[in-house]
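Enquirer: here is my input; please provide its structure:
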Amino acid sequence: MLASPLPSTGFVVGHAGLYQALAMFAVAYFIIGMTVLSVCAIATNGALDAGGAYYMISRALGPEFGGSIGIMFFLANVCGSALYVLGLVEALMDSFGIPPGQKAGTGVHVLPQSYWYELLYGTVLLALCLLVCLVGASIYAKATFLIFLIVVGVLGTILVSFFATRPIRVPILLPHLNGSEIENGSFTGFSLTTLRKNLGGDYEVDYTTGQKMSFSSVFAVMFNGCTGIMAGSNMSGDLKRPSYSIPRGTICAVLFTYLVYNLLAVLMCATCNRTLLQKDYGFLRDISIFPPLVTVGIYAATLSAAMSNLIGASRILYALARDDLFGRALVLAKKTSASGNPVMAVILSWLVVQLVLFSGKLNTIAGVVTTFFLLVYATVNLACLALEWASAPNFRPTFRYFTWHTCLLGIAGCCVMMFLISPVSASASLGFLLLLLLALHYLSPSSTWGYISQALIFHQVRKYLLMLDVRKDHVKFWRPQMLLMVQNPRGSARLIDFVNDLKKSGLYVLGHVELQDLDTLPSDPLQPQQDSWLSLVDKLNVKAFVSLTLAPSVRHGVRQLLFTSGLGGMRPNTLVLGFYDDEAPQDGLVRHPAFTSAREEVPLGFPPLRGPTTPKLLSAREYVGIVADALKMLRNVLLARQLESLDKAWELRRAASPPPTIHVWPVNLLRPDSARYADTCSLFLLQMACVLNMARAWRRARLRLFLCVEAGTMPHAQEEKLRQLLKDLRIQAQIQLVPWDAITRLHWQTCRGPPGGPGEEEEEEEEGIVNFPANTTQVSDEYVCAANKLVLEQSPAPAVRFLYLPRPPADTSLYPLYLHQLELLTRGLGPTVLVHGVSAVTSTQL
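Expert: As a prediction, the model looks like this:
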């Protein structure tokens, strides 16, 4: 940071005037001050390693942000090093260059001037910086300390010179295309007239670039002298106590240079006319009581800044390479010397700086460098802001003089100044940063650093879950929240995918019960399984949570999950079970596109499926008991049969017309004496079919609603009434009348009494009343098989069928008979979902 006050302050004051120069310093150091507070906070929150700002950002914001900002910061330091080398070349040309138009120099003016000569001088100076950096951080630290002493001596000499030097006229040789021109600048000594003339701004053409200066372009040149605030943090891997040294050294450097800037600006405005300030970048040497010392100081300070940026760039590149974010692209930069100096990173950084030197002019790259540094500073503030907002208990830096307000002000200041300086450079830098973010997001390996995004998400989710009040639930905004019980994912891959389409942005939980007793185990057996289940969720690309539990029986485990799954207002309201039958399960994971297309192995941790002779983990009575338990707990129930035979990709993408259909049977086929289609359960069944049809993958499918009618019951009136109901519910479906007189006749023949007689138990009429009719004793297998045949005959064959699921009987001894009737009803139907709803889910209100 000591490099810039000497050469550039006169340039800034000459063009901007005292008022605007002081405003520039205030704005620049406001941004720097806010960033320094963030740097100190992060630096004192744990052990720092090599990489400085990159290390801070990557460990706070994750590899995507860290890697992309690391590249930006590397480029900023590279361009900054080239900037200072070019600045030193310009200073050498002012002191020792042969004036334009002369073939031979006189006196000390012996260095030829041209683009290629200046490039040669810059290459030599850069090689000198390379040699120092190759030796190592220790020699660099000694060299910079020596330079610090020289610069302090020069500053003292300059301050004395403003008071001791008498008024003089300084001839200034300005190069032009047609030769050169001499103008006279004046050092007036302390003069109120000179001060008044220098108060306002007077932006002129910069003689080195031929471009007219402006507030933004002058600020860009000035701000590059402030970028040294990261010099200490860049050396974090070489410091013995970085958490101690970085805050103290950085704050002292900021305060010292800010005072030097302002003091020099006031003294220059009071003693030097504008021509001298604008046209002579080496005027401090001309007015000094000991000119050679000023020359040495300027050269030393600028060379120190160039070395600082070069060694900073190498440390950032080394840290990037060591973290393997870019794979083999940076493998060379990992190599170090015996003492640990990253020599290959230094050489690679030197090569990139050498390429930047071809730009040729200092002010040409000043705007780009400033934009890069401002972007890095904004991200450092963002990292500190994220850590503060996440409120993680482990974020407790020993440096406490910061708040989220300072971080936010630093971010805003950086972003505003970026676009004020150069909207094009700022937009291009942000675009480049976005590309790096996307590339690293998809290509970089996962890290173990911890992701601040997870902490922020947790913080926000907790806050909004507390705001999600179940007392304010309304049927208009109801959505299915699924708990799918899975015994073994190998046999349920397509069912998991199907339920993912049914959830309609609601909660989706994969539940699993492990039949073990924790009292007899040394540790929790579920923890090792968690990763396998989460990997399965990722591979199947379903938006689901995983909930595992231990229980002495499956029924007890399902009860536990129904009671405990979810949080606050996000709890499962619908239980989904696979169907209980004697079919041997098939391994669906090996045929699933997530594994067959990528040729990946099925995740480990899942046992093989049970064989045909292996006993089941639960009995038929226990299975029906689970359904009854869920209904008692006012949970909707879905039983899915043969969903593993559903090839969704083939059904929905086949080119043949007509499009695939979804068959919906909203009547209780096991209770033909109560064939209603507008009760709570029927409306829930309609809603679930509609929700499936609304899923993106199923939008091409068509709903077909079957209305069972008997002779003499005015079928057209029933159809019109149903059509009006569908219209009110905004459900688009084709209604198909199905005569079922022959089917119901079988029922009445085996019934113990006439319809509505005393032999028939009354089904619940009101929502919320739990009443188990014993209808299973009233229908024969012959009737159920006839109903099954009726459903099966409706063509064309659908992709999936939705059927009404009656309540289990109150008499638990009838559970096996109930399950037997369900098996007969759905036998051979293909993918079928039996649905029983207990809550109102449809609304005709706006």
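Enquirer: leaving out the residues flanking it, which one is nearest to the residue positioned nearest the centre of the chain?
Expert: Taking CA atoms, centre = their mean, the centroid of the chain lies closest to Ser453, which sits 6.5 Å from it. Distances taken as CB to CB, 6 or more residues apart in numbering put Gly62 closest to Ser453, at 6.4 Å, once the chain neighbours are dropped. C-betas here are computed from N, CA, C, even on glycine.
Enquirer: what's the span of stretch 390-399 from first residue to last?
Expert: Its first and final residues considered, stretch 390-399 spans 18 Å by CA to CA, to the nearest Å.
Enquirer: any idea of the mean pLDDT in it?
Expert: Mean pLDDT, computed over stretch 390-399, is 79.
Enquirer: now do stretch 469-483
Expert: Mean pLDDT, computed over stretch 469-483, is 83.
Enquirer: how about that stretch: buried residues?
Expert: Judged by neighbour count using 16 or more other CB atoms under 10 Å, the buried positions of stretch 469-483 are 478, 480-483.
Enquirer: let's have the residues you listed in JSON lines, adding distance to His441.
Expert: Shown next, in JSON lines, are those (distance: CB to CB, whole Å):
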{"residue": "Trp478", "distance to His441": "35"}
{"residue": "Pro480", "distance to His441": "31"}
{"residue": "Gln481", "distance to His441": "30"}
{"residue": "Met482", "distance to His441": "29"}
{"residue": "Leu483", "distance to His441": "32"}
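Enquirer: Leu303 is in contact with Leu126, correct?
Expert: No: counting by CB atoms under 8 Å, Leu126 does not reach Leu303; the two are 10.0 Å apart.
Enquirer: in CSV, list the buried residues of stretch 469-483 along with secondary structure.
Expert: Below are the buried residues of stretch 469-483 laid out as CSV (DSSP: H, G, I helix; E, B strand; the rest coil):
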residue, secondary structure
Trp478, coil
Pro480, coil
Gln481, coil
Met482, strand
Leu483, strand
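Enquirer: what's in contact with the helix or strand encompassing Val218?
Expert: Assigned by DSSP states H and E, Val218 falls within helix 215-223. Contact with helix 215-223 is made by 4, 8, 11-12, 15-16, 20, 24-25, 27-28, 201, 203, 211, 362-363, 366-367, 369-370, 373-374, 417, 420-422, as judged by CB atoms under 8 Å, 6 or more residues apart in numbering.
Enquirer: which residues in the stretch 1-150 of the chain form helices?
Expert: Assigned by DSSP state H, counting those that start in this stretch, the stretch 1-150 of the chain shows helices spanning 5-43, 53-61, 63-96, 115-135, 137-164.
Enquirer: okay, those in CSV with distance to Leu255 and mean pLDDT next?
Expert: As requested, the helices of the stretch 1-150 of the chain are exported to CSV (distance: least, CB to CB, whole Å; pLDDT from 0 to 100):
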stretch, distance to Leu255, mean pLDDT
helix 5-43, 9, 85
helix 53-61, 20, 75
helix 63-96, 22, 83
helix 115-135, 27, 87
helix 137-164, 15, 83
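Enquirer: any idea which of the ones you listed is most buried?
Expert: helix 53-61 (a mean of 27; mean count of other CB atoms under 10 Å).
Enquirer: now it, how far from the centre of its chain.
Expert: 14 Å (CA atoms, centre = their mean, to the nearest Å).
Enquirer: what's the angle from that helix to helix 5-43?
Expert: 30 degrees (axes from the mean of the first three to the mean of the last three CA atoms, to 10 degrees).
Enquirer: and the angle for helix 53-61 with helix 63-96?
Expert: 160 degrees.
Enquirer: after the lowest-mean-pLDDT helix or strand in the chain comes which helix or strand?
Expert: Using mean pLDDT, DSSP states H and E, helix 231-234 stands out as the lowest-scoring helix or strand of the chain, at a mean of 63. Sequence order places helix 242-271 as the next helix or strand after helix 231-234, per DSSP H and E.
Enquirer: in that next one, which residues are buried?
Expert: Going by neighbour count (16+ other CB under 10 Å), the buried part of helix 242-271 is 242-243, 245-247, 249-251, 253-254, 257-258, 260-262, 264-271.
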